[in-house]
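K.L.:
sequence unavailable; structure follows:
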């Protein structure tokens with residue numbers, strides 16, 4: 001454990017020193033993965049679907065605030081869907097505007113959660129997003145819901161692409177709109193993801209913030225098990241095909257992300273919990289203090305002195321009688337003063 005704590009402090013010190021560059025690299029990597037994933041799952045526009053364009057957009061996103069990643073990803077989806085049918089692009093624009101309105105009214109500052117949810121869902125590892133609720137407020141789950149809805153749009157359009165393409169005359173404008181909206185809001189997989197992800201994230205956020213000992217650990221374990229039960233039972237009841245390999249990988253990522261958040265972000269040492277009581281004229285106060293798990297790094301500077309760096313030594317002859325006479329003169333001068 002001491003080695004892990006020392007590694008944690010070294011990483012924190014390194015990040016504090018190069019945070020500007022590391023933030024840019026992190027935003028670039030996250031944005032590039034998201035844009036490439038969207039292009040892979042919704043690559044309908046040959047002009048936009050290009051790894052070079054994805055890299056340029058990721059570079060621009062690295063220079064902008066993190067909320068720009070969500071905005072650019074939504075615009076990318078709109079351009080991709082416009083190549084399928086203008087009606088599909090208009091539906092996406094309407095849904096995104098509605099979600100942005102709800103976002104700015106109820107919850108701000110967590111736009112990255114929408115992008116992260118969309119990324120994990122497109123990778124087919126929905127369980128990986130669950131531990132993020134440890135550092136979120138319960139109301140922040142609404143932003144994750146937006147990511148699930150955008151994912152549902154991508155899945156619906158990908159499934160109905162043969163009917164929605166603009167070259168066919170099988171559907172009118174109203175017919176395309178009705179087809180997309182009906183498939184979106186009646187999708188059993190989308191309903192299952194909303195119930196499983198949002199419900200479990202809400203549970204983890206509430207229990208993880210409680211005052212019981214080891215609350216983040218307990219909420220992560222129970223939340224992961226609850227998601228597995230809900231997802232498996234719902235898939236069986238609704239006859240939804242799932243990839244067991246991807247689901248297992250998602251659970252592994254869920255445990256790994258939970259460990260990282262608990263160790264690096266939360267890091268509470270429950271073995272040194274203290275109960276504190278104090279009072280004033282009107283109230284008694286009972287405080288439970290749980291310190292964070294930290295360790296101090298001692299910086300040792302070892303300087304090697306070689307023979308060439310040493311000062312030259314020369315012999316000096318000292319007469320002891322002169323020292324005694326000098327000492328007597330100093331004592332006499334002090335007495336005269």
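P.N.:
Yes, it's here. In this text the structure is predicted, and so the values were computed from the model without any measurement. Residues are numbered from 1 along each chain as shown.
K.L.:
okay, CA-based contacts and neighbour counts for the rest of this
P.N.:
OK.
K.L.:
what residues are up against residue 161?
P.N.:
residue 84 (Cα atoms under 8 Å, 6 or more residues apart in numbering).
K.L.:
quick one, helices of the stretch 101-250 of the chain?
P.N.:
111-122, 141-159, 161-164, 173-185, 188-193, 199-208, 215-237, 244-260 (DSSP state H, counting those that start in this stretch).
K.L.:
can you lay out these as JSON lines showing distance to residue 41?
P.N.:
Shown next, in JSON lines, are the helices of the stretch 101-250 of the chain (distance: least, Cα to Cα, whole Å):
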{"stretch": "helix 111-122", "distance to residue 41": "8"}
{"stretch": "helix 141-159", "distance to residue 41": "7"}
{"stretch": "helix 161-164", "distance to residue 41": "12"}
{"stretch": "helix 173-185", "distance to residue 41": "17"}
{"stretch": "helix 188-193", "distance to residue 41": "17"}
{"stretch": "helix 199-208", "distance to residue 41": "26"}
{"stretch": "helix 215-237", "distance to residue 41": "22"}
{"stretch": "helix 244-260", "distance to residue 41": "16"}
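K.L.:
how about those helices in CSV, adding distance to residue 73 and mean pLDDT?
P.N.:
Output for the helices of the stretch 101-250 of the chain, formatted as CSV (distance: least, Cα to Cα, whole Å; pLDDT from 0 to 100):
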stretch, distance to residue 73, mean pLDDT
helix 111-122, 8, 92
helix 141-159, 10, 90
helix 161-164, 20, 76
helix 173-185, 20, 82
helix 188-193, 20, 91
helix 199-208, 23, 93
helix 215-237, 27, 92
helix 244-260, 23, 91
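K.L.:
which one of those helices lies closest to residue 131?
P.N.:
Proximity to residue 131, assessed across the helices of the stretch 101-250 of the chain by Cα to Cα, is greatest for helix 244-260 (5.0 Å).
K.L.:
show me what that closest one packs onto, helices and strands only.
P.N.:
Judged by 3 or more Cα pairs under 8 Å, 6 or more residues apart in numbering; DSSP states H and E, helix 244-260 is in contact with helix 215-237.
K.L.:
got the buried residues for the helix it packs on?
P.N.:
Within helix 215-237, the residues that count as buried by 16 or more other Cα atoms under 10 Å are 215-217, 219-220, 223-224, 226-228, 230-232, 234-235.
K.L.:
re earlier: and the helices of the stretch 101-250 of the chain: which comes nearest residue 7?
P.N.:
The nearest among those, by Cα to Cα, is helix 244-260 at 12.6 Å.
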